[in-house]
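> Below: sequence and its predicted model.
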Amino acid sequence: MGKFKKKLVATCFILTILMMGVSLYSLFNAEPEQTVKNRNRIAFFVQDESGEYNSNTSKEFPKDGYVLDHVECLRGGTVTQNPDTKEISANFSHTDSCNLYFSIEECPKSSIYKTITLSNGLKAYDESATQYSECSATEMYIFDHPEAKQTTSWSNEDRKDYRYIGASPNNWVKFNDENWRIIGVFTVETSAGKKEQLIKLIRNSKIAALPWDMRTASVQNGVNDWSQSSLNILLNGDYYVTENSFKYEYTSIYNTSTTVTIAKGLNQIAREQIEKVKWYLGGSKNYQNLGAINYYAFERGETVYTGRMKNIFANVGLLYPSDYAFTYSKGIDYMCYTNSFNCETSRGGNPNKGWMYNIDSSPYGYGFWTISPTAYNSYTAYDISGITGDGHIGGNTLNQNEGIHPTVYLKSTIKIVSGDGSQENPYVLG
């Protein structure tokens, strides 16, 4: 008899569950009005600007700008929201009741720009993305540039490029078995004489801190000509062909031999992915009061110190000053974008708003070099444009030790094959 009672109790318990629940109520109609059904058993609360949740007596759920945050059901019912359609459905018994809490949606779909997919697999926001939005922070933005002295034959489409801007875009990529970042996609001239849109990368951490040019004791101050500089020779020489870390020796300003360890060179797969392209070596006669647009024009201009090269074909280079300044464009930081010399907190800018400021492992130690010289002397106290430790673009003496972040362009055949560009799931090339 005891065993029979136990079986009977178990059977009754199962029947109770079946009777209680599990009717599926679709709380939205199919029509756009999406009227609340069974309103007497559902209460909902809507978040205001202060963060408080207020009771709402409407018969329609909040739609644009709100998202279902959490649910409290008296008898364990469940309520879910479709993230795409915003349709809400519930699963609860006829004796249950639920409170629904709707919070302000940080990035409603209406605030996210449409994207286009480039041939390499990367996505960029369309032409309507004229202003930066935190809701559209992950993809590239499109920029149209006026012609410069070295690009007068280029079409409007040639002068269009795509850049990652803001503090934390999804531009991480695995390259050379390391973490690199995608600056953007740019039209460049290859050594074969073709114009192609190529992905441009920069190494996230520096390979060393070195002078821009410091070759021999007889040229103690160095020369601000990238085509001759010791750093260019290193990047396109030993760094390009040596896969592992290696020792690099140079003569310092004090006429002493100095040896540093280069973190790592390029492996064979990386070398096969790099395109040899034209790097522009135009400069300005001033490094102050210039912004991204000014730098872009000077870099591709013909203003150089007498006898200096205006461009050079190479596999490896450094970033341009404009690459740095454009990360603050489209309203991110007006000072850093328009007057990059003042891009530091003490001068009114906020360099932390741009992702490139934080690529160095020690931003308040060394700054890092750009490829662009100034144009008013062969060597002076301020002859190379660099990113300083506090974030502004300034003139640095070329025999100083600054961070080296190699920069390369990938061949047009290289595509994004996986990953989403986040630091946790970087793009993979193939």
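Nice, I can see it.

> For residue 284, give me its contacts.
Residues in contact with residue 284 (CB atoms under 8 Å, 6 or more residues apart in numbering) are 290, 294-295, 298, 303, 374-375. Every residue, glycine included, has its C-beta placed from N, CA and C.

> Now render those residues as CSV, adding secondary structure and neighbour count.
Shown next, in CSV, are the contacts of residue 284 (DSSP: H, G, I helix; E, B strand; the rest coil; neighbours: other CB atoms under 10 Å):
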residue, secondary structure, neighbour count
290, coil, 21
294, helix, 18
295, helix, 26
298, helix, 27
303, coil, 17
374, coil, 22
375, coil, 21
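
> just those residues now: which is nearest residue 395?
Within the contacts of residue 284, proximity to residue 395 (CB to CB) peaks at residue 374, which comes in at 5.9 Å.

> can I assume the closest one is in contact with residue 285?
Yes - Residue 374 is within contact range of residue 285, at 6.7 Å (criterion: CB atoms under 8 Å).

> gap between the lengthiest strand in the chain and the chain center?
In the chain, with assignment by DSSP state E, the single longest strand is strand 178-189. On the basis of CA atoms, centre = their mean, to the nearest Å, strand 178-189 sits 11 Å off its chain's mean C-alpha point.

> So which elements touch that strand?
strand 160-163, strand 172-175, strand 195-203, strand 277-280, strand 407-410 (3 or more CB pairs under 8 Å, 6 or more residues apart in numbering; DSSP states H and E).

> Just put those in TSV and tack on mean pLDDT, mean neighbour count and distance to residue 92.
Listed next are the helices and strands packed on strand 178-189 as TSV, based on pLDDT from 0 to 100; neighbours: other CB atoms under 10 Å; distance: least, CB to CB, whole Å:
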stretch	mean pLDDT	mean neighbour count	distance to residue 92
strand 160-163	97	22	49
strand 172-175	98	22	43
strand 195-203	97	21	51
strand 277-280	98	24	63
strand 407-410	98	24	54
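
> Dump these to JSON lines, plus distance to residue 270.
Converted to JSON lines, the helices and strands packed on strand 178-189 look like this (distance: least, CB to CB, whole Å):
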{"stretch": "strand 160-163", "distance to residue 270": "22"}
{"stretch": "strand 172-175", "distance to residue 270": "6"}
{"stretch": "strand 195-203", "distance to residue 270": "10"}
{"stretch": "strand 277-280", "distance to residue 270": "15"}
{"stretch": "strand 407-410", "distance to residue 270": "8"}
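
> so which of these gets nearest residue 422?
Among the helices and strands packed on strand 178-189, strand 172-175 comes nearest to residue 422, with 6.3 Å by CB to CB.

> Paired strands for the closest one, with orientation please.
Using DSSP bridges, the strands paired with strand 172-175 are strand 178-189 (antiparallel), strand 427-429 (parallel).

> could I get these as JSON lines with distance to residue 93?
Shown next, in JSON lines, are the strands paired with strand 172-175 (distance: least, CB to CB, whole Å):
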{"stretch": "strand 178-189", "distance to residue 93": "52"}
{"stretch": "strand 427-429", "distance to residue 93": "48"}
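
> Do a quick rundown of the helices in the protein.
2-20, 230-235, 238-241, 268-273, 292-299, 321-325, 334-338 (DSSP state H).

> Which of these comes out lowest on mean pLDDT?
Among the helices of the chain, helix 2-20 carries the lowest mean pLDDT, a mean of 34.

> Please save the CA atoms from stretch 83-101 in CSV.
Taking C-alpha atoms only, stretch 83-101 is exported to CSV below (Å, rounded to 0.1, in the frame of the first residue of the first chain):
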residue,chain,number,x,y,z
PRO,A,83,16.1,41.0,-30.7
ASP,A,84,15.4,41.7,-34.4
THR,A,85,11.6,42.1,-34.6
LYS,A,86,11.2,43.2,-30.9
GLU,A,87,8.2,40.8,-30.7
ILE,A,88,7.5,39.7,-27.2
SER,A,89,6.2,36.2,-26.3
ALA,A,90,5.5,34.6,-22.9
ASN,A,91,5.1,31.1,-21.5
PHE,A,92,3.2,31.0,-18.2
SER,A,93,0.2,29.4,-16.5
HIS,A,94,-3.3,30.9,-16.4
THR,A,95,-2.7,31.8,-12.7
ASP,A,96,0.6,33.6,-13.3
SER,A,97,1.3,37.3,-13.6
CYS,A,98,4.5,39.1,-14.8
ASN,A,99,6.2,42.5,-14.5
LEU,A,100,8.2,43.5,-17.6
TYR,A,101,11.0,46.1,-17.3
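
> Let me know the pLDDT of the closest residue to residue 346 other than its chain neighbours.
Leaving aside its sequence neighbours, residue 346 sits nearest to residue 390 (CB to CB, 6 or more residues apart in numbering; 7.3 Å). The model reports residue 390 with a pLDDT of 88.

> distance of residue 390 from residue 415?
Relative to residue 415, residue 390 is positioned 38 Å away (CB to CB, to the nearest Å).

> Then residue 185?
12 Å.

> Show me the common contact partners of those two, please.
Residues touching both residue 185 and residue 415 (CB under 8 Å, 6+ apart) are residue 120.

> Between these two, which has more neighbouring residues?
Legend: neighbour count by other CB atoms under 10 Å for residue 185 and residue 415, higher for residue 185 (24 against 16).

> Residue 102: which of the strands paired with strand 172-175 is closest?
When the strands paired with strand 172-175 are ranked by proximity to residue 102 (CB to CB), strand 427-429 comes first, at 35.3 Å.

> which other residues reach that closest one?
Under CB under 8 Å, 6+ apart, the answer for strand 427-429 is 122, 172-175, 182, 273, 410, 414-421.

> which of these lies closest to residue 107?
Checking the contacts of strand 427-429 one by one against residue 107 (CB to CB), the nearest turns out to be residue 420, at 16.2 Å.

> mind listing what that closest one touches?
With contact set as CB under 8 Å, 6+ apart, residue 420 has these partners: 170, 427.

> Kindly recompute the last result at 6 Å.
For residue 420, no contacting residues are found, by CB atoms under 6 Å, 6 or more residues apart in numbering.

> May I have stretch 113-125 as PDB, with CA atoms only?
Extracted in PDB, the C-alpha atoms of stretch 113-125 (Å, rounded to 0.1, in the frame of the first residue of the first chain):
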ATOM      1  CA  TYR A 113      24.400  53.100 -40.200                       C
ATOM      2  CA  LYS A 114      24.000  50.700 -43.100                       C
ATOM      3  CA  THR A 115      27.200  49.000 -44.100                       C
ATOM      4  CA  ILE A 116      28.900  48.000 -47.400                       C
ATOM      5  CA  THR A 117      31.100  45.000 -47.700                       C
ATOM      6  CA  LEU A 118      34.500  45.600 -49.500                       C
ATOM      7  CA  SER A 119      36.100  43.000 -51.800                       C
ATOM      8  CA  ASN A 120      38.500  42.000 -49.000                       C
ATOM      9  CA  GLY A 121      35.700  41.100 -46.700                       C
ATOM     10  CA  LEU A 122      35.800  44.200 -44.400                       C
ATOM     11  CA  LYS A 123      32.800  46.300 -43.800                       C
ATOM     12  CA  ALA A 124      32.400  50.000 -43.800                       C
ATOM     13  CA  TYR A 125      29.500  52.400 -43.100                       C
END
